[in-house]
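# need the 3D shape of this:
(one chain, ligands or ions: 2)
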Amino acid sequence: MTLKLGIPSKGRLMDKTFDWFAARGVAMKQTGAEREYTGAVEGIEGIELVLLSASEIPRELAAGRIHLGVTGSDLVRDKLVGWDRQLGEIALMGFGHADLIIAVPKAWVDVDTLDDLDAAASAFRARHGFRLRIATKYHHLVHDFLKMHGVADYQLVDSQGATEGTVRNLTAEAVADITSTGETLRANHLKILSCEPVHKSQATLFKSRTAPWLEEDRMILSNLMAKLDLDD
Ligand SMILES: Nc1ncnc2c1ncn2[C@@H]1O[C@H](COP(=O)(O)OP(=O)(O)OP(=O)(O)O)[C@@H](O)[C@H]1O
Ligand SMILES: O=P(O)(O)OC[C@H]1O[C@H](OP(=O)(O)OP(=O)(O)O)[C@H](O)[C@@H]1O
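Ligands and ions are numbered 1, 2, ... in the order given. Presented below is the predicted three-dimensional model:
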C-alpha cells in the first residue's frame, strides 16, 4: 500500500465522504471500533486510508505526509498561505457547503455594509480606546478580506468554537464564522453584513504537490481518477 488518502475521521464531512466515494464505485470502510481511526478502501488496489481531523488535513497535505485528502475548501485556504502552490484541487464534492461571513449584532441598525463596519470600528475605537473585536477561527481569510475592503480599525480575537456566543459574552463585538442554515446566527441575535461571503466553502478532494509521487503512486492515482471519472 503506498498512496495515502486522508479523510475526515468524524463530524459532518465524514459520512458524506464515504458516500461520495461509494457512489463512484470506491467503497471505504472504517475498520476496527467506531473510535478506532483505521480504514480500508475496497475496489481499488494500493490506497491506504488515513482518518484525520478535517482541520489537520490541510497541514498533512502540505507536509506531503498524505498524497490526497478530503476537507473543506475554507480550512485549506485559511491554514495554508499560498495554498495553491502546495496543493491542487481535484474535485469539488458538492457537500459540506457553508459560507464564511461577517456578522454584527442585529441591534446595530446603522451597520449593514463593510463601509458601515469600517465607520463603526473607527467610532468604537474613539469611544472605547481599544479596537472593535471580531471573533473568529479563520484569521488569515478574514484578515485578507477586510484588508482588501479597506476595513482597518479592528482586531481579531481567537474563537475555536461557539463563536456566535462571544458577542453575548462580551468578549467580541462582531464575529466571522461559517454558516449554513443561519440558525446559530439568528439564535444569537446577529445579522450578516450585506456583502459577498469571505469564502464559499465546500468539501473538496485535494492532491498534495509536495508528497513523494513515486511512479507506483502515479499509477494508483490514475487508476483512482479513472474509477472516479475525474482528471488529475
Ligand atoms: N454548519 C455547518 N454546515 C456545513 N458545513 C459546516 C458547518 N460548520 C462547519 N462546516 C464545514 O465543515 C468543515 C469542518 O468540519 P467539522 O466541523 O466536522 O470539523 P472540525 O471542527 O474541523 O473537526 P475537528 O474537531 O475534527 O477538527 C469545514 O470545512 C466547515 O466549512
Ligand atoms: O448556520 P448554522 O447551520 O447554524 O451552522 C453554523 C454553526 O455551525 C458551526 O459550528 P459547529 O457546529 O461546528 O460548532 P462549533 O461552534 O463548536 O464550531 C459554525 O461554527 C456555526 O457555529
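
# and residue 100, how many neighbours does it have?
Burial measure for residue 100: 23 neighbouring residues, criterion other C-beta atoms under 10 Å. Placement of C-beta: from N, CA and C, glycine included.

# using the three-state scheme, assign it.
What DSSP: H, G, I helix; E, B strand; the rest coil gives for residue 100 is strand.

# per-residue confidence for it?
On the pLDDT scale, residue 100 is placed at 98.

# again with residue 184
For residue 184, pLDDT reads 98.

# ok, now how distant is it from residue 130?
In this view, residue 184 and residue 130 are 26 Å apart by C-beta to C-beta, to the nearest Å.

# of these two, which one has the most company?
Neighbour totals were compared for residue 184 and residue 130, and residue 184 leads with 18 against 9 (other C-beta under 10 Å).

# what count of nearby residues applies to the residue nearest to that one when sequence neighbours are not counted?
Ranked by C-beta to C-beta, 6 or more residues apart in numbering and with sequence neighbours excluded, the top spatial neighbour of residue 184 is residue 164, at 5.0 Å. Using other C-beta under 10 Å, residue 164 has 21 neighbouring residues.

# ok, now residue 133?
Residues near residue 133, counting by other C-beta under 10 Å, number 21.

# closest residue of this structure to ligand 1?
Here the chain gets closest to ligand 1 at one residue, residue 72, 1.7 Å apart by C-beta to the nearest ligand atom.

# which residues does that residue bridge with?
For residue 72, the beta-bridge partners under DSSP bridges are residue 203.
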